[in-house]
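Undergrad: sharing a model prediction with you, sequence too.
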Amino acid sequence: MVNADFRAAFPEFASTVTYPDAMLNFWASVAEKMVVEDIWQDMYTNAIYLYVAHEITLARQNVKASTTGGTPGQSGGPAQSKAVGAVSVSYDSQVTSEKDAGWWNLTTYGKQFFRLQQMFGAGCIQL
């Protein structure tokens, strides 16, 4: 994976301090083993990038938890409701979730990857 190309495609990950090359390379090496190039063909790089974006988003949450006194690696889904004083907010996360996507639903990148994976994994369809 060429980190400069990934960072150009996803400028939200431009910071090499917040998202070091080692983190990108680690997850890219995993993605390259999990994403089958013969299936994705010319979309292979896109799939790798979405996979990496999903994983480094989750990794960043672990870094943030550890630097604020929390426990990294704790599992949890999107907040359904939150209250601060007299103000509260609630979201229907089911509306934006991909059916049967499991942990891919934890990030928007994962949802995009899963949706595309469903299409590419389906193969040819005759009507």
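TA: Perfect, I can see it now.
Undergrad: going forward, measure contacts between C-alpha atoms and count neighbours the same way
TA: Will do.
Undergrad: what ranges does this structure have for its strands?
TA: 81-84, 87-90 (DSSP state E).
Undergrad: mind naming the longest helix for the protein?
TA: Scanning the chain for the longest helix, with DSSP state H as the assignment, gives helix 44-67.
Undergrad: what residues sit buried inside that one?
TA: If you call a residue buried by 16 or more other Cα atoms under 10 Å, then helix 44-67 has these buried ones: 45, 47-57, 59, 62-63.
Undergrad: in the chain, where is pLDDT below threshold?
TA: Flagging of the chain using pLDDT under 70 yields the residue ranges 68-83, 89-96, 122-127.
Undergrad: quick one: residues contacting the most centrally placed residue in the chain.
TA: For the chain, the residue lying nearest the average C-alpha position, counting by Cα atoms, centre = their mean, turns out to be residue 54 (1.4 Å). The contact partners of residue 54, by Cα atoms under 8 Å, 6 or more residues apart in numbering, come to 104, 107-110.
Undergrad: if I look at it, how far off is residue 30?
TA: 12 Å (Cα to Cα, to the nearest Å).
Undergrad: likewise for residue 18?
TA: The gap separating residue 18 from residue 30 is 20 Å, by Cα to Cα.
Undergrad: swap in residue 117?
TA: From residue 117 across to residue 30, the span is 16 Å (Cα to Cα).
Undergrad: likewise residue 16?
TA: Distance, residue 16 to residue 30, by Cα to Cα: 20 Å.
Undergrad: which residue packs closest to residue 55, ignoring adjacent ones?
TA: When the adjacent residues along the chain are set aside, residue 55 lies closest to residue 27, with 6.7 Å between them (Cα to Cα, 6 or more residues apart in numbering).
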